[in-house]
Structures are given as structure tokens and as C-alpha cells.
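# What follows is a protein structure lacking sequence information:
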């Protein structure tokens, strides 16, 4: 079985604001979806629609992924919700794509302004350490309702190809959100990331549940070689450059 791994760098139950203010820990569940533009997607210079990868990649757009954010005023952790896999084993020779739109475990420390992310590469565990990013949010007056909460729109332009649209609830006084996003004057309940460089691919994180809790479930990554973000990217790029011909060996490009 050929295994290709694509990692995509995406309601609130209404209850009184007084409960939010009295609790130190929140647990938010996010539904995550990925929208891929197969018409313009290319891999190694080859149109995906002309390969036997098309069906496998298209199927990822039909899946929903679920993550939990545990946070207090000082720290948070964002990680996937473990679910029982009822999928049938892949047939010999078939292609399976693993999508991790929200990473494995992302830990934010708001006191030191650092972020730690668990990653695996070549069966080895890493902890990627970096500073919390300043997204330079542009706050707007646009509002809407997400499960009984009024949320306001903010936009961050990362570069000429990536735009982040976030919706945050001022009445939930936590400056955090899903994945690596944070820094707004209220909890981020929805994020949509558009990447024009990657064929207008989109990732969307939407809060579907929030609970106040006094149980500490924030997990700080503790095992793995510590690298900076730049060091980890270089490690992956160097390997992929050497293995490119092997990865795409056998891809059917016939009509």
C-alpha cells in the first residue's frame, strides 16, 4: 500500500456569561473541514486529475475532523479527539491519504509567548518550538451569530497568498483560538484560511461546543527532539528533495 501524507497547515452551548467568568478552564470542540481545488492542483508538476490520486484526495473534502481546545488564562492545548476507526482496511495497491488539518498537539504558553507543537517525521518524535505569532489582526465592524454568541470579524493577511478570516466572541474573554491562532479580544469561534498559492485551498475551524470545567486537561508536549520551526521545515524539505522520485514512483499519469 502506498501511503501519502498530506498535512494541512483550520455550537457553542449557550450558557450565562457569569459562569464563564467564574471558571478558569474552558473546553471547546471544533469541527474542521478542508476544501481542495482539484481542478488546479498539481503534484510534482502533474495535474492531480490526471493521476490515480484524484479519488483519494477528493475524498478528504468529504470528511469532518474534530479537535478540542483546553485553555485557561495562562496556557492552552489543541489536539484531535480520538475516535474509533471503523474504516475498512485499504486494498493492496490502493492509495490512502492521511489528513491532519489541526496537527497533533499544539501548546501555547501566554506568559512566555511560546508555542510548542508535537510532530512526527520518519518515525521520530519532535517538539517544534517557536514564538507566538503576531497576526496583526485587522478588526472590522462585521458581525454574525455563532450558536447564540455575537461574533466579530477580524482579518489577517499573512502574505500575498494566504488570508485568515476569524470570528471572535467578545463576551468570552479568552484571547485564544483553534490551531495556532490567537490574539483577538475574545475567544475565536471560527477561522477560515484561504491559500491561493495552494490552488485556493481552504481550511475551516468551527466551534460546535463549549464547556466550563475545573478539571485540568492541558497537555504540554514533553517527549521528542526540540527543533525550531525553521529547523524542522529544513529537515523535511531536505528529505523530500532526496526522496521525490521515490514518492511519486508508480503514479499513473496516463489518460
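Noted; the coordinates are in hand. In this text, all values refer to a predicted model and were calculated from it rather than measured experimentally.
# rest of the way, CA atoms for contacts and neighbours
Fine.
# Isn't residue 144 up against residue 151?
Yes - contact criterion CA atoms under 8 Å: residue 144 and residue 151 qualify, at 5.6 Å.
# which of the two has more neighbours?
residue 151 (24 against 13; other CA atoms under 10 Å).
# What score does that one have for pLDDT?
Residue 151 is assigned a pLDDT of 98 by the prediction.
# Grab the nearest non-local neighbour of it.
Nearest non-adjacent residue to residue 151, counting by CA to CA, 6 or more residues apart in numbering: residue 169, 4.5 Å away.
# again, but for residue 168
In space, and not counting its chain neighbours, residue 168 is closest to residue 188: 4.1 Å by CA to CA, 6+ apart.
# report the longest helix in the chain, please.
helix 229-247 (DSSP state H).
# Now for residue 168, how many residues are close by?
By other CA under 10 Å, 29 other residues sit near residue 168.
# give me every residue that touches it.
Residue 168 makes contact with 151, 152, 153, 154, 184, 185, 186, 187, 188, 189, 190 under the criterion CA atoms under 8 Å, 6 or more residues apart in numbering.
# Please enumerate the strands of the stretch 101-250 of the chain.
106-109, 114-121, 124-131, 138-146, 149-157, 162-169, 187-195, 201-213, 225-228 (DSSP state E, counting those that start in this stretch).
# helices or strands up against the last one?
Packing partners of strand 225-228 (3 or more CA pairs under 8 Å, 6 or more residues apart in numbering; DSSP states H and E): strand 124-131.
# now the longest one
The elements that strand 201-213 packs onto, with contact taken as 3+ CA pairs under 8 Å, 6+ apart, are strand 25-35, strand 187-195.
# Strand partners (parallel or antiparallel) of that strand?
With DSSP bridges as the test, strand 201-213 is paired with strand 25-35 (antiparallel), strand 187-195 (antiparallel).
# The shortest one versus strand 162-169: what angle between them?
In other words, strand 187-195. 160 degrees (axes from the mean of the first three to the mean of the last three CA atoms, to 10 degrees).
# if we can go back for a sec, would you list the strands paired with strand 201-213 in CSV and tack on mean neighbour count?
Output for these, formatted as CSV (neighbours: other CA atoms under 10 Å):
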stretch, mean neighbour count
strand 25-35, 22
strand 187-195, 23
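# Need these in CSV (columns: mean pLDDT).
Conversion of the strands paired with strand 201-213 to CSV gives the following (pLDDT from 0 to 100):
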stretch, mean pLDDT
strand 25-35, 91
strand 187-195, 94
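# Would you reformat those as a markdown table and include distance to residue 158?
A markdown table is the format used below for the strands paired with strand 201-213 (distance: least, CA to CA, whole Å):
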| stretch | distance to residue 158 |
| --- | --- |
| strand 25-35 | 19 |
| strand 187-195 | 10 |
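# Sketch out the low-pLDDT regions of the stretch 1-150 of the chain for me.
The stretch 1-150 of the chain contains residues with pLDDT under 70 at 1-23, 36-62, 83-101.
# one more time with 90
Counting by pLDDT under 90, the stretch 1-150 of the chain has low-confidence residues at 1-25, 34-64, 82-104, 120-123, 147.
# From residue 171, how far off is the residue nearest to residue 168?
Relative to residue 171, residue 188 is positioned 11 Å away (CA to CA, to the nearest Å).
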